[in-house]
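In: Pasting the sequence and the predicted coordinates here, then a few questions.
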Amino acid sequence: MIYWQIFVAFFIPGVVGYGGGPASIPLVENEVVGRFEWMSVNEFSEMLAVANALPGPIATKMAGFIGYEQAGILGAFIGVFATVAPSLILMIALLSLLNKFKGSPRVKAMTSFIRPVIAILLGVMAYQFFETSYGSAGIVQTVFLIIVSYVLLERVKVHPAFVIAGSLLYGALFLGG
């Protein structure tokens, strides 16, 4: 049963998570935290931070880690396969249709409606992470990390992996994590 749950937990976000890994993050969080309760919001945010620091697609890293945590190596394989299966199926079955209609006004209109939904889902998830961080680290530490991360990412243009690694190090040294 756990293998089927792992498959469902990553296949569904793969199907409806239009826009790649970042778009599927809130969908995976809903399955892993809300539906199957394999992780808390805090555990999910920590796993996401580590996964973001590693090279490669975020969705497959999350699927591999969570699948392995729940059911070992076979669970990791099933999670990664379930993540890539929707794309694989669509590439095989619909490649010619996509090429034929890629300039269609209807397809472009559909895409313009999906993007705001993804932005809202990412915003809700960011708020939940903020809420969890505020509860465990306090407002001063949370605001400090937000400001430093913003300055490093947007002003200094430091690669996100280094900002994430620095935040993890800061948390381990100063927050007892």
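Out: Received it, and whenever you're ready, just let me know what you need.

In: C-alpha only now, for contacts and for neighbours.
Out: OK.

In: Okay, domains of the chain per the record?
Out: 2-137, 138-177 (automatic domain parsing).

In: Output these in TSV; the columns should cover mean neighbour count and mean pLDDT.
Out: Formatted as TSV, the domains of the chain follow (neighbours: other C-alpha atoms under 10 Å; pLDDT from 0 to 100):
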stretch	mean neighbour count	mean pLDDT
domain 2-137	17	86
domain 138-177	14	87
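
In: Quick check: the spatially most central residue of the chain vs Pro55, distance?
Out: Centroid-nearest residue in the chain, with C-alpha atoms, centre = their mean: Ile25, separated by 2.7 Å. Note on Ile25: its distance to Pro55, by C-alpha to C-alpha, to the nearest Å, is 16 Å.

In: Next secondary structure after the helix or strand where Ala63 lies?
Out: Assigned by DSSP states H and E, Ala63 belongs to helix 58-101. Scanning forward in sequence from helix 58-101 by DSSP H and E, the next helix or strand is helix 105-137.

In: Mind listing residues that contact the helix or strand that that next one is followed by?
Out: Sequence-wise, the next helix or strand downstream of helix 105-137 (DSSP H and E) is helix 139-150. Residues from elsewhere that reach helix 139-150, judged by C-alpha atoms under 8 Å, 6 or more residues apart in numbering: Phe130, Ser133, Tyr134, Val163, Ser167.

In: ok, now which ones touch the last one?
Out: This points to Ser167. Applying C-alpha under 8 Å, 6+ apart, we find Ser167 in contact with Leu145.

In: Please state the offset of the host helix or strand of it from the chain centre?
Out: Assigned by DSSP H and E, Ser167 falls within helix 160-174. Distance of helix 160-174 from the chain centroid (C-alpha atoms, centre = their mean, to the nearest Å) equals 18 Å.

In: Please apply the same query to stretch 26-34.
Out: The mean C-alpha position of stretch 26-34 is separated from the chain mean by 9 Å, C-alpha atoms, centre = their mean.

In: Pull up the distance across that stretch, start to finish.
Out: From its first residue to its last, stretch 26-34 covers 11 Å (C-alpha to C-alpha).

In: List the contacts of it.
Out: With contact meaning C-alpha under 8 Å, 6+ apart, stretch 26-34 is reached by 9-10, 13, 17, 37-41, 44, 121-122, 125.
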